[in-house]
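>>> Below are the sequence and a predicted model; questions follow.
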Number of protein chains: 2
Amino acid sequence: MENSNTSIENRESGSPVSAIDTTIDLLRSHFGDRLTTAMALREQHGQGEDSHGCMPPDAVIFPHDNEEVALIAQICNQHQVPLIPYGTGTSIEGHLLALEGGVSIDLSQMNSVLKTNPEDMDCRVQAGVSREQLNDELRYQGLFFPVDPGANASLGGMAATCASGTNAVRYGTMRENIKGLTIVTADGRIINTGTRARKSSAGYNLTQLLVGSEGTLGIITEVQLRLHPIPEIIRAAVCSFSSLQDAVNTVIEAIQMGVPVARMELLNALQMKACINYSKLQGFEQLPTLFFEFHGSDAMVNEQIQTIQAISDSHDGSAFRWAENTEDRNALWKARHQAYFAGMSLQPGSKSIPTDVCVPISRLADSILGAERYARSLGLHCPIVGHVGDGNYHILIVFDDQDPDQKQKAKDLSRYVVEEALAMGGTCTGEHGIGSGKKDYLLKEHGEGVELMRMIKQAWDPRRILNPGKIFD
Amino acid sequence: MENSNTSIENRESGSPVSAIDTTIDLLRSHFGDRLTTAMALREQHGQGEDSHGCMPPDAVIFPHDNEEVALIAQICNQHQVPLIPYGTGTSIEGHLLALEGGVSIDLSQMNSVLKTNPEDMDCRVQAGVSREQLNDELRYQGLFFPVDPGANASLGGMAATCASGTNAVRYGTMRENIKGLTIVTADGRIINTGTRARKSSAGYNLTQLLVGSEGTLGIITEVQLRLHPIPEIIRAAVCSFSSLQDAVNTVIEAIQMGVPVARMELLNALQMKACINYSKLQGFEQLPTLFFEFHGSDAMVNEQIQTIQAISDSHDGSAFRWAENTEDRNALWKARHQAYFAGMSLQPGSKSIPTDVCVPISRLADSILGAERYARSLGLHCPIVGHVGDGNYHILIVFDDQDPDQKQKAKDLSRYVVEEALAMGGTCTGEHGIGSGKKDYLLKEHGEGVELMRMIKQAWDPRRILNPGKIFD
């Protein structure tokens, strides 16, 4: 399920040829060169950064504003042709597969920061603005947008998948950092949700319904974001442990004491080995390791560091290794962000299933250690990186796609990790979303609640054109 | 609109007599004495703590568990009889009016704290647990639930209206403190939403859709809550200002600097006068006043206090008056919580419209000062209390219900404040909800978005039995 073995050749478009051809002709009459059916672009838009394969859309279109997106939706809805929103293509649950053909709507040319309000620490951006672009534009105002999934994703895409990443312990996920949206509905209405106020009780919270809806309820075209002051002091450190249990217990105690650490990332021994080799890291050991980042005033940061060091010492953590300047810090986090590619390098030519469970903090050690044990029993590599302050971690299960036995074991491990997490009161996906890869798990997690979700989908998109086949069939 | 002049006498039940009679007979056969049609109880359940009058339901029923709530919903849905959830009756936007008759479902006997997980700082409660009851039960575990709307409301009711109150600057509103719900749907299904994980991207966020849905999408029967450690140090202080502008600018700077003040409440001069008289306060002046509360470690609290005092000094604030011990602090906050009754005492025998706008912080002074000016031009009292750290404040517009001119002016002031707030990018309601009182404003605020809300309502409650006539008609 996680790794559907689809390829370009064996995809059959779900749209009748006449409908898609008519739609493409109509769209071309409006958009000219901004609509393409070139195979290279179609292939690029029919896949994410995962092992779900590629299912290219029939065309790719590049709108410039809300009204153009609305026009595209109206035409596609009229002819019942699927519309698949595309940001930067960095999602990893098969969100971009054109399961039933249709048009990929690439929002990368809607990339303006529309308005920044430094005094209220918020801004409004078009969906195609990337997080690095936004932070470059904000830097001179002393502000930043904290959600950091690693990839330089678009903010529309991050909203659609409810992304989070390494900063969420302190600053929250996309959910906590979005105040409102502009969306285009299936029938081409442009709707604004939310306000610029810090809170509201005015009717149903459509913003929160849409965050994480993966393009199935509306096409996100603008995002109103909360911003944060660039911290006075940023300090980063690394600490290794002789056992995974000690590392995880350090995290659990830190969270239970409410220490507002900005980042707190775990890499297990195998992942450290992979990172040391892949990113040519100097002076690190192949041991379970925590990466920390502390933000705040001088006094606050020192208080946090003292507390964390005391907790870490009590679990036999190593001395803290400090990244003293911005360059060292960037190098450190770059290594962390390259963990995916480092993990893949453990078995060159392999495919992978990244797990994404999130469990209550108290169960984190049980969850991770159980996964490691099960992986060992199956003879699989089990590199782990985790935003462990949230209880969220990823195993990159690498496997040989040509080896049916190893492939089955990889699926078994993925399923085991999810089922154990659900039994602990956790979720099958902390930040990647359901996409095409985790639909079975959604049912396991939410049972009849999925029926209520479907009813919303049916009411808002009765012709089933918005990213069909994602989240549920 | 805000003060519908309804009375018991002129209500006509919207349910056909036979349907409601049949329903009551059926429910009585299951619930016996736990269903009542006694007028005193019906009247109590047909009103909140507001001036919307009373429209009693046809019966009041007291279920004990989820299955009983489901049975009630099945019976009412079958006979198309409205169901109005009732917590403690402290809402103030006409949420409890039985606009079309029906059955009030009183959840006060579902009042168990089901499970507390101190190590994950969360708990699960039945909807009828009140916040004071919960905090009494939590105290010995060193934990507390921070959302404090003043009234001792039920946690189910607080979830349904997305309540917040004085602690929201630091700890967030109900929205940020709810991890999951159990609801009963219109057709009597029991659905669990959310998980115990700190974050999730698994499908549509039904929890966030239901928070603030005011009983129109489902009956909330259980709430999974985030808890917080009782702060090591709590210090409270009061500071007065010669002008409202100075007081508000102090707040704006504090928020812009990101000082994590736990509570930051504004009372204007008239509200202070009313509170001094009503709550027999000693040693306070009839001046614009800020009430602060600081939570944290010794070092953190001292750092916050120093920063706030420096900001306040720069705006000619008075010396801080400290409430040094728990009793003094409780007396202080009791006076703040009694502000509503104090305001009402300004014009005994009057009715009132409480406004509830929330604006971006940068516009807070404009919003409040504009409201005061407009009130003066109309010759109306304008006592103001505000959770100003959120940009949310309340004018208690008191008026003589027998004086049509004053009544119209009160409505004009309320409308003016909302329209100005919306023009500033704010919301018509920060924490009270729409109820029956603010339906026009919801349309002004969300426009076509309201149509999307209606589609969800129609899909989930096609027979329109869940609190009909609230949020929208």
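Now that the structure is in, tell me what you want to look at. Small disclaimer: the values here were computed from a predicted structure and weren't measured.
>>> Residues of the stretch 51-200 of chain A that sit close to chain B?
For the stretch 51-200 of chain A, the residues in contact with chain B (CB under 8 Å from any CB of the partner chain) are A:117, A:119-122, A:161-164, A:168, A:173, A:175-176, A:185, A:189, A:191-193, A:195-200. C-beta: built from backbone N, CA, C; applies to glycine.
>>> are any of these buried, and which?
Buried members of these, scored by 16 or more other CB atoms under 10 Å in any protein chain shown, are A:117, A:120-122, A:161-164, A:168, A:173, A:175-176, A:185, A:189, A:191-193, A:195-200.
>>> all strands in the stretch 201-350 of chain A, in order from the N-terminus.
A:219-226, A:228-229, A:233-240, A:263-267, A:289-296, A:321-323 (DSSP state E, counting those that start in this stretch).
>>> Show me the contact partners of the shortest one.
Meaning strand A:228-229. With contact meaning CB atoms under 8 Å, 6 or more residues apart in numbering or on different chains, strand A:228-229 is reached by A:Met121, A:Gly142, A:Leu143, A:Phe144, A:Phe145, A:Pro146, A:Tyr171, B:Met257, B:Gly258.
>>> So which bits of the helix of greatest length in chain A are buried?
Assignment by DSSP state H gives helix A:404-423 as the longest helix of chain A. Residues of helix A:404-423 classed as buried: A:406-407, A:409-411, A:413-418, A:420-422 (neighbour count, 16+ other CB under 10 Å).
>>> pretty sure A:Gly386 is touching A:His394, no?
Yes - assessed by CB atoms under 8 Å, A:Gly386 is found in contact with A:His394 at 6.6 Å.
>>> quick one on the thing from earlier: could the strands of the stretch 201-350 of chain A be laid out in JSON lines, adding mean neighbour count and distance to B:Ile361?
Formatted as JSON lines, these follow (neighbours: other CB atoms under 10 Å in any protein chain shown; distance: least, CB to CB, whole Å):
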{"stretch": "strand A:219-226", "mean neighbour count": "25", "distance to B:Ile361": "12"}
{"stretch": "strand A:228-229", "mean neighbour count": "16", "distance to B:Ile361": "14"}
{"stretch": "strand A:233-240", "mean neighbour count": "20", "distance to B:Ile361": "25"}
{"stretch": "strand A:263-267", "mean neighbour count": "26", "distance to B:Ile361": "27"}
{"stretch": "strand A:289-296", "mean neighbour count": "24", "distance to B:Ile361": "21"}
{"stretch": "strand A:321-323", "mean neighbour count": "17", "distance to B:Ile361": "34"}
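>>> who does the lowest-mean-pLDDT helix or strand in chain A touch, helix- and strand-wise?
Ranked by mean pLDDT, DSSP states H and E, the weakest helix or strand in chain A is helix A:326-337, scoring a mean of 81. Applying 3 or more CB pairs under 8 Å, 6 or more residues apart in numbering or on different chains; DSSP states H and E, one finds that helix A:326-337 makes contact with strand A:233-240, strand A:289-296, strand A:321-323.
>>> that older thread, compare the mean pLDDT across the strands of the stretch 201-350 of chain A and name the weakest.
Note on these: lowest mean pLDDT is at strand A:321-323, with a mean of 86.
>>> what lines up beside that strand in the sheet?
Sheet pairing of strand A:321-323 (DSSP bridges) gives strand A:233-240 (antiparallel).
>>> can you state the direction angle for the strand it pairs with and helix A:326-337?
50 degrees (axes from the mean of the first three to the mean of the last three CA atoms, to 10 degrees).
>>> Can you pull out the residues in contact with strand A:233-240?
By CB under 8 Å, 6+ apart, strand A:233-240 touches A:247, A:250, A:262-263, A:272, A:284-285, A:287-298, A:301, A:305, A:312, A:317-323, A:328-329, A:332-333.
>>> and the angle for it with strand A:289-296?
Going by the same axes, to 10 degrees, strand A:233-240 makes 160 degrees with strand A:289-296.
>>> ok and strand A:233-240 relative to strand A:263-267, angle-wise?
20 degrees.
>>> for the longest helix of chain A, packing partners?
By 3+ CB pairs under 8 Å, 6+ apart, helix A:404-423 packs against strand A:351-354, helix A:364-378, strand A:392-399, helix A:439-446.
>>> that older thread, show me the buried ones among the residues of the stretch 51-200 of chain A next to chain B that map onto strands.
A:Asn117, A:Asp122, A:Ile191, A:Asn192, A:Thr193 (DSSP state E).
>>> Out of those, name the two that are farthest from one another.
The largest separation in those, counting by CB to CB, is between A:Asn117 and A:Ile191 at 21.8 Å.
>>> So which of the contacts of strand A:228-229 sit within helices?
In this view, the contacts of strand A:228-229 that belong to helices under DSSP H are A:Tyr171.
>>> Neighbour-wise, give me the winner out of the contacts of strand A:228-229.
In terms of neighbours by other CB atoms under 10 Å in any protein chain shown, the contacts of strand A:228-229 top out with A:Pro146 at 26 neighbours.
>>> Surely that residue and A:Asn167 touch.
Yes - counting by CB under 8 Å, A:Pro146 does reach A:Asn167; the two are 4.5 Å apart.
>>> give the contact list for the nearest residue to A:Leu206 once chain neighbours are set aside.
Nearest non-adjacent residue to A:Leu206, counting by CB to CB, 6 or more residues apart in numbering or on different chains: A:Thr193, 4.2 Å away. Residues near A:Thr193 by CB under 8 Å, 6+ apart: A:Gly180, A:Leu181, A:Thr182, A:Ile183, A:Leu206, A:Thr207, A:Leu210, B:His446, B:Gly449.
>>> Is A:Gly89 in a helix, a strand, or coil?
coil (DSSP: H, G, I helix; E, B strand; the rest coil).
>>> give me the number of residues near it?
20.
>>> Show the pLDDT at it.
pLDDT, A:Gly89: 96.
>>> quick one on the thing from earlier: any idea of the angle the longest helix of chain A forms with helix A:364-378?
160 degrees.
>>> Run through who's touching helix A:404-423.
By CB under 8 Å, 6+ apart, the surrounding residues in contact with helix A:404-423 are A:1-3, A:353, A:355, A:357-359, A:367, A:370-371, A:374-375, A:378-380, A:382, A:395, A:397-401, A:427-428, A:438, A:441, A:444-445, B:195.
>>> if you set the cut-off to 7 Å instead, what comes out?
Here helix A:404-423 makes contact (CB atoms under 7 Å, 6 or more residues apart in numbering or on different chains) with A:2, A:353, A:355, A:357, A:359, A:367, A:370-371, A:374-375, A:378, A:380, A:395, A:397, A:399-401, A:427-428, A:441, A:444-445.
>>> do the same with stretch A:436-455
Here stretch A:436-455 has contacts from A:1-2, A:4, A:52, A:93-94, A:97, A:99, A:418, A:422, A:427-429, A:434, A:469-473, B:189, B:191-193, B:202-204, B:206, B:459-460, using CB under 7 Å, 6+ apart.
>>> buried sites along that stretch?
For stretch A:436-455, a neighbour-count test (16+ other CB under 10 Å) marks A:436-439, A:441-443, A:445-446, A:449-450, A:452-455 as buried.
>>> Since that was my last question, I'll sign off now.
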